[in-house]
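S.K.: Sequence and predicted structure are below.
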Amino acid sequence: MATLSKVLVVDDSKLIHQMYRLVLMRYKGCTIVDAMNGLEALELLTKEDGIDLILLDINMPIMNGVQFMEKLKKNGYHKPVPIIVISTEDKEEDTIRAMKLGARGYIVKPFKSEMLYELVDKILLKKTSALIEKSVYRAG
């Protein structure tokens, strides 16, 4: 199975960044790179090497998650880094839009860390076997 060494967390909540740091360090021992909005994330992607996964919120100031994915798609970002959208938005149209823009998974907040672990494992496994599967997870 592929390793997970560096994750880009794109969320405007510092508390969420701390939570991901705890959850992912315990799970995979990976490094977390922080961006508070989509614009910061775009800049980080040009500077940071080795990002294996992006955890992306939808509702953020300056550039939201949808705008971030649109920019990636429009600019033809050459490194296919899997994106998991993790958002409080639970509207079907938001989920469909994110998946159409290239998200590999969508998790609705609040969620159990096991849901994230399962989806990350699934995506990393698919990445190594070159298959694409998109998943939506909801607590409950």
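M.R.: Nice, thanks for sending it over. Numbering: from 1, shown residues only.
S.K.: What strand or helix carries the residue sitting nearest the centre point of the chain?
M.R.: Central residue of the chain (CA atoms, centre = their mean): residue 55, 2.2 Å from the mean position. Residue 55 is part of strand 53-56, with elements assigned from DSSP states H and E.
S.K.: Name the next helix or strand downstream of that strand, please.
M.R.: Immediately after strand 53-56, counting by DSSP H and E, sits helix 65-74.
S.K.: Would you mark the buried spots in that next one?
M.R.: Buried positions in helix 65-74, judged by neighbour count with 16 or more other CB atoms under 10 Å: 65-72. For every residue, glycine as well, the C-beta is placed using N, CA and C.
S.K.: Looking only at residue counts, what's the top helix in this structure?
M.R.: helix 113-129 (DSSP state H).
S.K.: which helices and strands does that helix pack with?
M.R.: Applying 3 or more CB pairs under 8 Å, 6 or more residues apart in numbering; DSSP states H and E, we find helix 113-129 packed against helix 14-27, strand 53-56, strand 83-87, strand 105-108, strand 135-137.
S.K.: For residue 117, which of the ones you listed is the nearest?
M.R.: helix 14-27 (5.5 Å; CB to CB).
S.K.: List the contacts of the closest one.
M.R.: 4, 7, 9, 11, 30, 32, 34, 55, 57, 113, 116-117, 120 (CB atoms under 8 Å, 6 or more residues apart in numbering).
S.K.: which residues are contacting whichever helix or strand comes after that helix?
M.R.: Using DSSP H and E, the next helix or strand after helix 14-27 towards the C-terminus is strand 31-35. By CB under 8 Å, 6+ apart, the residues outside strand 31-35 that reach it are 5-10, 17, 20-21, 24-25, 41, 43-44, 48, 51.
S.K.: try it again with 10 Å
M.R.: By CB atoms under 10 Å, 6 or more residues apart in numbering, the surrounding residues in contact with strand 31-35 are 4-12, 14, 16-18, 20-25, 40-45, 47-48, 50-52, 54-57, 60, 63, 68.
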